[in-house]
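K.L.:
based on what follows, work out the 3D shape:
(4 chains)
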Protein chains: 2
Amino acid sequence: MSGSPSMKDVAAHARVSLGTVSNVLNRPEVVAERTRKRVLAAIDELGFVRNESARQLRGGGSRTLAYVVLDTGNPFFTDVAQGVQEAADAAGLAVFLCDSGQDRGRQSAYLDLLEQQRVEGVLITPVDRADPRLALLPRRGTPVVMVDAHSPDHCSVFVDDVAGGDLAATHLHDGGHRHIAFVGGPASLPQVTDRLAGVRRAYARSGLDADDLVVLDTAALGIPEGRRAGARLAGLPASRRPTAAFCANDLLALGLLQEAVRLGLRVPEDLAIVGYDDIVFAEAAAVPLTSVAQPRQLIGRTAAEMVIAEARERGGAHEHRQVVLTPELVVRASSRLRPLNGVA
Amino acid sequence: MSGSPSMKDVAAHARVSLGTVSNVLNRPEVVAERTRKRVLAAIDELGFVRNESARQLRGGGSRTLAYVVLDTGNPFFTDVAQGVQEAADAAGLAVFLCDSGQDRGRQSAYLDLLEQQRVEGVLITPVDRADPRLALLPRRGTPVVMVDAHSPDHCSVFVDDVAGGDLAATHLHDGGHRHIAFVGGPASLPQVTDRLAGVRRAYARSGLDADDLVVLDTAALGIPEGRRAGARLAGLPASRRPTAAFCANDLLALGLLQEAVRLGLRVPEDLAIVGYDDIVFAEAAAVPLTSVAQPRQLIGRTAAEMVIAEARERGGAHEHRQVVLTPELVVRASSRLRPLNGVA
DNA sequence: GCAGGGATTTATAACGTTTCACAAGAGCTT
DNA sequence: AAGCTCTTGTGAAACGTTATAAATCCCTGC
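P.N.:
The predicted structure follows:
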């Protein structure tokens, strides 16, 4: 009586055996109408709620997926998460959204917790790809799929970031820009280094001098870091200032844009800006932001479908799949060439 | 051998009894150094991972909180969620973030699921305050705290939305605006109706004619709905068009701003705009957005502390507390009076 | 009236922990 | 050498489900 009522209490109250209550819950068709009603009434009356732990202990899976995300403050990830939800919903699974907040310790803690909870599968955009847990979990039976990251030892869904970086740089080159700043960091994130690699590739292909590329390392990928980078750029004398900045994500770009404008630079005339991710807010920015778009929901949906498949496949040897999606450039005012006109 | 190894396997492997393994895990000080090492080695060797379901079944709580949020796509909520995380972390609890996506069905489904999981407490910004589960859960032992919403039957943390609406309207009145549009919906959300009530209160207090208030109902609180509202306003002849729009949140305001500008209105000259929440992106908007700020992280932290307290208090009769926080107006360009100058 | 047989219901054994009362030894004190 | 206390380790009983095999009931047909 102290805790919540159990099936045993329900059984007693309905003057039925425990097994019958279980049957009412799990295979109602097998129990007679009369008794079923009686049991349901008892359940209602006592306010019985199934204990998921016991159910799971007995054998059912957890019917739960988890998505460990780099930063819930970045709308990019919440959009991906929505795709995950969608696919999980369709499979009758719930999603545990975990925010590592770009903190390695939190990532480890969550992975431990999730393994203990015996979630059916883990989706993760890792802060720390070297965490041994990432290799351990699948070996012990919890499938792990990399989202927006790749690894030879896991299934993964990601967008070709090198191509994305190339796209952005090529666009800027086409607009006549040679002296470009790449803004992003930390370098431990492959998203950052790949996008930068794409820029380098574009320089190489066009036979341009890579010395014209300035790399501004940032401590994280948020708006504040973008502002700081903007201040640095605005502080340079015009002659030595890059004419364009390509940011590793839109948050950086928005911060940079904001600070650059505040400090008197005209965008795109004095400084063209290109972001990455094409979050909803890119379009609503002070100067609508050119950005490299990724199929966010698709990433999430695909990844979720992949863990689910891997979880079901359990037993048969699993072959890891890498799904590479293609980024797309969305050109807006922040990098658009304008016909000359007098109005500032 | 088929599933993951259990404590029994560890015990056998270390030639120790089951109880000893448990002791190593839960009260290491009580077992001799030698044996402890042997057991730890066995754990390592077998790759043993505690089964949280069993642990929980036996008696430990779930050490888990859940926050059911209205819309993860709205940065306001992810900021609140960060406050929740912070407080939960401090108490050694993990947070399950659930997105109802403004869908009543999803809200119910999550509440059921969470109760079955026996989470220690639920924080919720409800879509549907009438859902019977909201009353049922606490009665059955799962504390529920309302976040950014109030209810006499629960603890709650919210910001005085009437005051916020008043603040916004008063600011616009001070700027000379009489003909104002309130943009928001659905009316089932108290956030929306309270903010509108605040506007009405300001009209009444100033002795202004409330007929000058136009209410534009929206189906939801997102950017697309804001765009639609913007198009409607822009479509009106200047003579009948409100000179200012107060939006129930920043997403609406951003959408409205974007569309209004696109259709040729000047902000704030032709249309002043005030938003609500002061999300990070408000400041980075095309025209930096005036907004009513709420102490987001504080809301989350306070709410989490309250559920945790209520969960611990279990047994002693609980007295519900309502924590009301105060909103603050942040004035930016979108509603600022400008000295006349010729440049558009 | 009774064997055969479907339809219902029941009893019981897991699942993997934690806890708690107790047993086994070791080292003291008298 | 008997009696103590400590320190370690053990065994068994829960916790609330689900699955399975066995039991019971009520018919039907002969």
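
K.L.:
so where do the strands sit in chain A?
P.N.:
A:64-69, A:94-99, A:121-124, A:144-147, A:155-159, A:180-184, A:213-217, A:244-247, A:272-277, A:290-293, A:322-325, A:328-330 (DSSP state E).

K.L.:
these: which one's closest to residue B:110?
P.N.:
Residue B:110 lies closest to strand A:94-99 among the strands of chain A, at 7.4 Å (Cβ to Cβ). (Each C-beta comes from the backbone N, C-alpha and C, glycine too.)

K.L.:
show me what that closest one is packed against.
P.N.:
Contacts defined by 3 or more Cβ pairs under 8 Å, 6 or more residues apart in numbering or on different chains; DSSP states H and E place strand A:94-99 against strand A:64-69, helix A:75-90, helix A:104-116, helix B:75-90, strand B:94-99.

K.L.:
as a whole number, average confidence for the second one?
P.N.:
For helix A:75-90, the mean pLDDT works out to 96.

K.L.:
list the buried residues of it.
P.N.:
A:75-88 (16 or more other Cβ atoms under 10 Å in any protein chain shown).

K.L.:
could you check the angle that helix makes with strand A:155-159?
P.N.:
140 degrees (axes from the mean of the first three to the mean of the last three Cα atoms, to 10 degrees).

K.L.:
if we can go back for a sec, for the strands of chain A, which has the smallest mean pLDDT value?
P.N.:
Averaging pLDDT over each of the strands of chain A puts strand A:94-99 lowest, since it has a mean of 92.

K.L.:
contact partners of that one?
P.N.:
With contact meaning Cβ atoms under 8 Å, 6 or more residues apart in numbering or on different chains, strand A:94-99 is reached by A:63-69, A:71-72, A:81, A:84-85, A:88, A:106, A:110, A:114, A:117, A:119, A:304, B:72, B:81-82, B:85, B:94-99, B:110, B:113.

K.L.:
so where's the stretch 151-300 of chain A uncertain?
P.N.:
Along the stretch 151-300 of chain A, no part satisfies pLDDT under 70.

K.L.:
get me the contact residues on it for chain B.
P.N.:
The stretch 151-300 of chain A comes close to chain B at residues A:223, A:254-255, A:257-258, A:280-281, A:283-288, as judged by Cβ under 8 Å from any Cβ of the partner chain.

K.L.:
the helices and strands packed on strand A:94-99: which one's closest to residue B:249?
P.N.:
Between the helices and strands packed on strand A:94-99, helix B:75-90 lies closest to residue B:249; by Cβ to Cβ that is 7.1 Å.

K.L.:
any residue of that closest one touching chain A?
P.N.:
Yes. Interface with chain A: helix B:75-90 contributes B:75, B:78, B:79, B:81, B:82, B:85 (Cβ under 8 Å from any Cβ).

K.L.:
counting by contacts, list what that helix packs against.
P.N.:
When contacts are defined as 3+ Cβ pairs under 8 Å, 6+ apart, helix B:75-90 packs onto strand A:94-99, strand B:64-69, strand B:94-99, helix B:296-313.

K.L.:
ranking the ones you listed by burial, who's on top?
P.N.:
strand B:64-69 (a mean of 26; mean count of other Cβ atoms under 10 Å in any protein chain shown).

K.L.:
rewinding a little: export the helices and strands packed on helix B:75-90 to JSON lines and append columns for distance to residue A:149.
P.N.:
Shown next, in JSON lines, are the helices and strands packed on helix B:75-90 (distance: least, Cβ to Cβ, whole Å):
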{"stretch": "strand A:94-99", "distance to residue A:149": "16"}
{"stretch": "strand B:64-69", "distance to residue A:149": "25"}
{"stretch": "strand B:94-99", "distance to residue A:149": "21"}
{"stretch": "helix B:296-313", "distance to residue A:149": "28"}
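
K.L.:
ok, the residue nearest to the spatial centre of chain A to residue A:263 distance?
P.N.:
For chain A, the residue nearest the mean C-alpha position is residue A:77 (3.7 Å; Cα atoms, centre = their mean). Per Cβ to Cβ, to the nearest Å, residue A:77 is found 30 Å from residue A:263.

K.L.:
same thing with residue A:241?
P.N.:
In terms of Cβ to Cβ, residue A:241 sits 11 Å off from residue A:263.

K.L.:
counting neighbours, go ahead and name the busier of the two.
P.N.:
residue A:241 (18 against 12; other Cβ atoms under 10 Å in any protein chain shown).

K.L.:
contact partners for the closest residue to that one other than its chain neighbours?
P.N.:
In space, and not counting its chain neighbours, residue A:241 is closest to residue A:233: 6.1 Å by Cβ to Cβ, 6 or more residues apart in numbering or on different chains. Residues in contact with residue A:233 (Cβ under 8 Å, 6+ apart) are A:181, A:216, A:241, A:242, A:245, A:256, A:260, A:265, A:271.

K.L.:
from these, which is closest to residue A:24?
P.N.:
Closest to residue A:24, out of all of these and judged by Cβ to Cβ, is residue A:256, at 61.3 Å.

K.L.:
got a pLDDT number for residue A:338?
P.N.:
For residue A:338, the pLDDT comes out at 65.

K.L.:
same check on residue A:342?
P.N.:
pLDDT recorded at residue A:342 is 40.

K.L.:
need the residues of the stretch 151-300 of chain A next to chain B in TSV with neighbour count and distance to residue A:36, can you?
P.N.:
Formatted as TSV, those follow (neighbours: other Cβ atoms under 10 Å in any protein chain shown; distance: Cβ to Cβ, whole Å):
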residue	neighbour count	distance to residue A:36
A:223	24	57
A:254	30	58
A:255	27	61
A:257	30	64
A:258	22	63
A:280	19	49
A:281	24	53
A:283	18	55
A:284	27	55
A:285	28	59
A:286	21	63
A:287	20	65
A:288	21	61
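
K.L.:
which ones among these are found in helices?
P.N.:
Counting by DSSP state H, the part of these found in helices is A:223, A:254, A:255, A:257, A:258, A:280, A:281, A:283.

K.L.:
just the closest of the residues you listed to DNA strand D, please.
P.N.:
residue A:280 (41.6 Å; Cβ to the nearest atom of the strand).

K.L.:
OK, contacts around the closest one?
P.N.:
Residue A:280 touches A:75, B:73, B:223, counting by Cβ under 8 Å, 6+ apart.

K.L.:
check residue A:271 too.
P.N.:
A:233, A:241, A:242, A:243, A:244, A:245, A:260, A:265.

K.L.:
in helices, which of these fall?
P.N.:
A:233, A:260.

K.L.:
can you tell me how far the residue in chain A that DNA strand C sits nearest to is from DNA strand D?
P.N.:
Residue of chain A nearest DNA strand C, by Cβ to the nearest atom of the strand: residue A:19 (2.9 Å). Separation of residue A:19 from DNA strand D (Cβ to the nearest atom of the strand, to the nearest Å): 4 Å.
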